[in-house]
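*Asks:* Sharing a sequence plus its predicted fold:
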Amino acid sequence: MSLNPTLKTIAIWIAFALVLAVLPMIFSSRPSLTLMNIIGVWVVFALAYNMLLGQSGMLSFGHAVYFGLGGYAAIHMMAAIKAQKLGIPVAALPLVGFMAGMAAGAVIGWFSCRRSGTPFAMISLGVGELIAASGLMFVSIFGGEEGISGDRSAGPELLGFSLGPQINVYYFIAFWMFMATLAMWAFTKTPLGRLANAVRDNADRVAFIGYDPQRVRYLVFLISGGFAGLAGSLSAVNFEIITPEKLGAINSGAVLLMAYIGGVAVFFGPIIGAVLISIMQSMLSDFTKVWQLYLGLLFVVVVMFAPYGIGGIVAQVLGAIRKGELAEKLPGWLMGLVGALIAFGGAIMVIEMAYRIREGGRPFQAFGRVFPHGDPLSWVVAAAVTAIGLAVLVVAVRWRRRGSLGAALSFGEATP
């Protein structure tokens, strides 16, 4: 017996809320709470960015501007609450960040949304660099390189809720993340959300039936900027400081990677990307100094072999389960996963040994063996592992396209 779609949707959201409530009971250490707070901020930012990229087809290289400006608005209000004894609870600052991000989107979107495609992307890049540079020039507003700090425990408490303890900060971020995620999901079901998808797919046809694609893009840009500003305000409350680097290209590039690796084609894709990359940033840096290369390598693999991202893969698996096709497709998918893991392992060997040539240090160790970077045999093994993994991955892709392993192994034939 299948659930009614509405009841199923409600059940999913209730389960999501319960997971957020239970997580700090399982991961209760301070580092775990800090990591989960960071993930919550990035989830909101990645979903806001995907309103542009995935739902409206607008590639932006400067969306960190709205994140940063929302954070600055929140931190200035936080400082005013403490200095002027304002009766505004700090727990309401995400609304300030939302309004600041939307206001910035209203101004910048007025001229940038007049173009689409590559011109829009270039305008976003230029505006992003312009405002990031301004962050270092206008010290009275942005605080220069040191940024501006605040005190989240200042001001009146909302219903006795204090933002002093770390666990309370977690629930504060989790609450706003849940509400923002729910609001952005609801947006996809509205007529404007549907029009955004139509503009992404065929703007000329949307114009033909009487709607203005430029206006649709502008409205989506406003809302996306608002939620990006909300994410920035959450970051400001979490760290109690905001610096000009939050406005820059590094943040814009990070959120692009999160959205694309997670999957821009499905709503929950950016959530997966935000969780995965936040964990990589936090944990991989403890094991290797070149973890950024692995992030770039992951992005290349996703672009080449999984253009719909990890979320797209999950959606394909769920679709196969619903259609009863899982037994037919699972072997090819598992082969592709094994091939990707083998190739990734070989690439790790190459990267780590290459890094040790420059920096020295202990030889690279893997699989219980030592691979000295000065030994040619180590490089042969690394190249062989990478080649085997890529070969298995190519066969798996051909298997998925042709529908049989025998046809996949016929490399002489053209791929349809």
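*Replies:* Cool, the structure landed. This structure is a prediction, so every number in the text was calculated from the model and none was measured.
*Asks:* and Val338, how far is that from Thr386?
*Replies:* In this view, Val338 and Thr386 are 14 Å apart by Cβ to Cβ, to the nearest Å. C-beta here means a position set from N, CA and C on the backbone, and glycine is covered the same way.
*Asks:* what about the two, which has more around it?
*Replies:* Ranked by neighbour count (other Cβ atoms under 10 Å), Val338 and Thr386 place Thr386 first, with 19 against 14.
*Asks:* Give me the nearest residue to the more buried one, chain neighbours excluded.
*Replies:* Among residues not flanking Thr386 along the chain, Gly346 sits closest, at 3.0 Å (Cβ to Cβ, 6 or more residues apart in numbering).
*Asks:* In a strand, Pro119, correct?
*Replies:* No: counting by DSSP: H, G, I helix; E, B strand; the rest coil, Pro119 is not found in a strand; it is helix.
*Asks:* okay, now it: neighbour count?
*Replies:* Residues lying near Pro119 (other Cβ under 10 Å) number 11.
*Asks:* contacting residues for the closest residue in space to Ala203 that isn't next to it in sequence?
*Replies:* Once flanking residues are discounted, Ala203 sits nearest to Pro213: 4.1 Å by Cβ to Cβ, 6+ apart. By Cβ atoms under 8 Å, 6 or more residues apart in numbering, Pro213 lies in contact with 116, 199, 203, 206-207.
*Asks:* Switch those over to CSV; also include neighbour count and distance to Ile14.
*Replies:* As requested, the contacts of Pro213 are arranged in CSV below (neighbours: other Cβ atoms under 10 Å; distance: Cβ to Cβ, whole Å):
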residue, neighbour count, distance to Ile14
Ser116, 19, 39
Val199, 26, 33
Ala203, 19, 38
Val206, 19, 36
Ala207, 14, 41
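*Asks:* now, which of these sits nearest Ser56?
*Replies:* Closest approach to Ser56 among the contacts of Pro213 (Cβ to Cβ): Val199, at 6.2 Å.
*Asks:* I'd like the distance from that closest one to Ala186, if you could.
*Replies:* To Ala186, Val199 is 19 Å away according to Cβ to Cβ.
*Asks:* Any idea which residue is closest to the centre of the protein?
*Replies:* Closest residue to the average C-alpha location of the chain: Met258 at 2.8 Å, with Cα atoms, centre = their mean.
*Asks:* right, and that one touches Gly273 too?
*Replies:* Yes: between Met258 and Gly273 there is a contact under Cβ atoms under 8 Å: 3.8 Å.
*Asks:* Now for the two: what residues contact both?
*Replies:* Ala46.
*Asks:* how about the helices in the stretch 1-150 of the chain?
*Replies:* 5-26, 30-56, 64-84, 93-112, 117-137, 139-142 (DSSP state H, counting those that start in this stretch).
*Asks:* Leaving out chain neighbours, which residue sits closest to Leu69?
*Replies:* Per Cβ to Cβ, 6+ apart, closest to Leu69 is Ala104, 4.8 Å.
*Asks:* quick one: that neighbour and Gly226, what's the gap?
*Replies:* Going from Ala104 to Gly226 by Cβ to Cβ gives 9 Å.
*Asks:* more neighbours, those two?
*Replies:* Gly226 (26 against 23).
*Asks:* Is it correct that the more buried one is in contact with Met102?
*Replies:* Yes: using Cβ under 8 Å, Gly226 makes contact with Met102 at a distance of 3.6 Å.
*Asks:* Are there residues contacting both of Ala104 and Gly226? Which ones?
*Replies:* What both Ala104 and Gly226 touch, as defined by Cβ under 8 Å, 6+ apart, is the set Tyr66.
*Asks:* Check which helix or strand Val370 maps to.
*Replies:* Using DSSP states H and E, Val370 sits in strand 369-371.
*Asks:* Which positions in that strand come out as buried?
*Replies:* Neighbour-count burial for strand 369-371, counted by 16 or more other Cβ atoms under 10 Å, picks out Phe371.
*Asks:* Can you tell me the strand partners of that strand and which way each runs?
*Replies:* Strand 369-371 has the following sheet partners, assigned by DSSP bridges: strand 364-366 (antiparallel).
*Asks:* what residues does the partner strand touch?
*Replies:* Identification of contacts with strand 364-366 by Cβ under 8 Å, 6+ apart yields 345, 348-349, 352-353, 356, 370-371, 373, 378.
*Asks:* just to revisit the earlier point, which residues does the residue nearest to Leu69 contact?
*Replies:* Under the criterion of Cβ under 8 Å, 6+ apart, the neighbours of Ala104 are 65-66, 69, 225, 229.
*Asks:* mind checking how far it is from Val43?
*Replies:* For Ala104, the distance to Val43 - Cβ to Cβ - is 21 Å.
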